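Participant: Have a look; sequence and predicted model below, questions after that.
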Amino acid sequence: MTEAYTLEFFDAPQSFLDQAGEVLAAEPVLGSVIASVSERTAREIADGIDSWADVDAPFERWWVVVRDGAGTPVSAAMRTAPFRPYPSFSMPMPEAAARLLATAVHERGEHLGGANGALPGAEVLARTTAELGGGELVTDKATRLWECTTAVVPPAPEGRLRLATEDDAELVLAWFTSFHEEADEQAGREPDPGSGEHNTLDSVLVRIREGVEWLWELPDGTVAHLTGSGLPSFGVGRIGPVFTPREHRGRGIASYVVGELTRRGLEAGHRMCLFTDIANPTSNKIYAGLGYEPVVDMAEHLVTDPAKP
């Protein structure tokens, strides 16, 4: 007998967090993306900022809690990405619940153009969406979530680690863009400037003011590297993005910075995680050498809209 699941949708992050706290706290590494995005959005709204108003998406963003037959939260998902095709992101989810979510979104009149998150639930969500709407399912990128419990920090290269300042904002924004484009190249994909997380100067300034963007400065003052280390959510800090311009690679900067920021997070009592592109063997090898171990494989799926040519 298939267990019955129920869905509870939310249009505000704080009310979602109030109800999803149990499942996010029980699996804080698996829920780190949903928790951190939701908490940041809640902080912005509390400060009178609502960046969603500028997104111009054909639907209102949402969060959802999945409950089992006893009413206990067992999973969560959100559709808050401010870029096309506005993909959802989901924690590990029973296949029956994923099919239920796809049906509910379809009945809301939304075309879910992408479904990212833990397998197999995210794939089931995307496949069911395609079946309901007549679209085609495409697996765009395979990713892996890693956690580190003991950091192995390599020797420091020449230079110093410092927090980014507001004066660095334009450089940080440019490197965010370069990170996504070059990640595609390194994984053997055609670079897509429209892929990945979309940022603006305002969003970068928010991150800088939060103290989560770190730079490596060479002895002559040249800035040679960027690593993000997000504010902990439910006790979990997440590393990323990690970017070194081509001319500064091969010096061990990225390995040291990621290892050192991971060590600091662990010493502060946080669990530390990061994502890699499975198609990029270099980054997977580097992070494994720093003490990271695989937690779960994820994927990014696209679902074509048959109503659009």
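Facilitator: Ah, there it is. Residues are numbered from 1 along each chain as shown.
Participant: Nearest residue to the middle of this structure?
Facilitator: The centroid of the chain falls nearest to V33 when counting by C-alpha atoms, centre = their mean (4.9 Å).
Participant: Helix, strand or coil: sort out that one for me.
Facilitator: Three-state call for V33 (DSSP: H, G, I helix; E, B strand; the rest coil): helix.
Participant: R84: neighbour count?
Facilitator: Applying other C-beta atoms under 10 Å, we find 12 residues neighbouring R84. Backbone N, C-alpha and C define where each C-beta goes, glycine included.
Participant: try the one 5 residues further on
Facilitator: Close neighbours of F89, defined as other C-beta under 10 Å, add up to 21.
Participant: in this protein, which helix or strand is least confident?
Facilitator: Ranked by mean pLDDT, DSSP states H and E, the weakest helix or strand in the chain is helix 169-186, scoring a mean of 83.
Participant: what's whichever helix or strand comes after that one in contact with?
Facilitator: Remark: after helix 169-186, the chain's next helix or strand is helix 201-210, criterion DSSP states H and E. Here helix 201-210 makes contact (C-beta atoms under 8 Å, 6 or more residues apart in numbering) with 40, 44, 51, 163-166, 168-170, 172-173, 176, 213, 228, 231.
Participant: Now do helix 201-210 against helix 169-186, angle only.
Facilitator: 100 degrees (axes from the mean of the first three to the mean of the last three C-alpha atoms, to 10 degrees).
Participant: who touches A169 in this structure?
Facilitator: With contacts defined as C-beta under 8 Å, 6+ apart, A169 is in contact with L201, V204, L205, I208.
Participant: The residue nearest to the centre of the chain against R238, yeah?
Facilitator: Yes. Assessed by C-beta atoms under 8 Å, V33 is found in contact with R238 at 7.5 Å.
Participant: low pLDDT regions in the protein?
Facilitator: For the chain, applying pLDDT under 70 flags the ranges 1-2, 180, 183-198, 309.
Participant: Quick one: the helices in it, in order.
Facilitator: For the chain, the helices defined by DSSP state H cover 13-26, 32-46, 95-107, 121-133, 169-186, 201-210, 253-267, 281-289.
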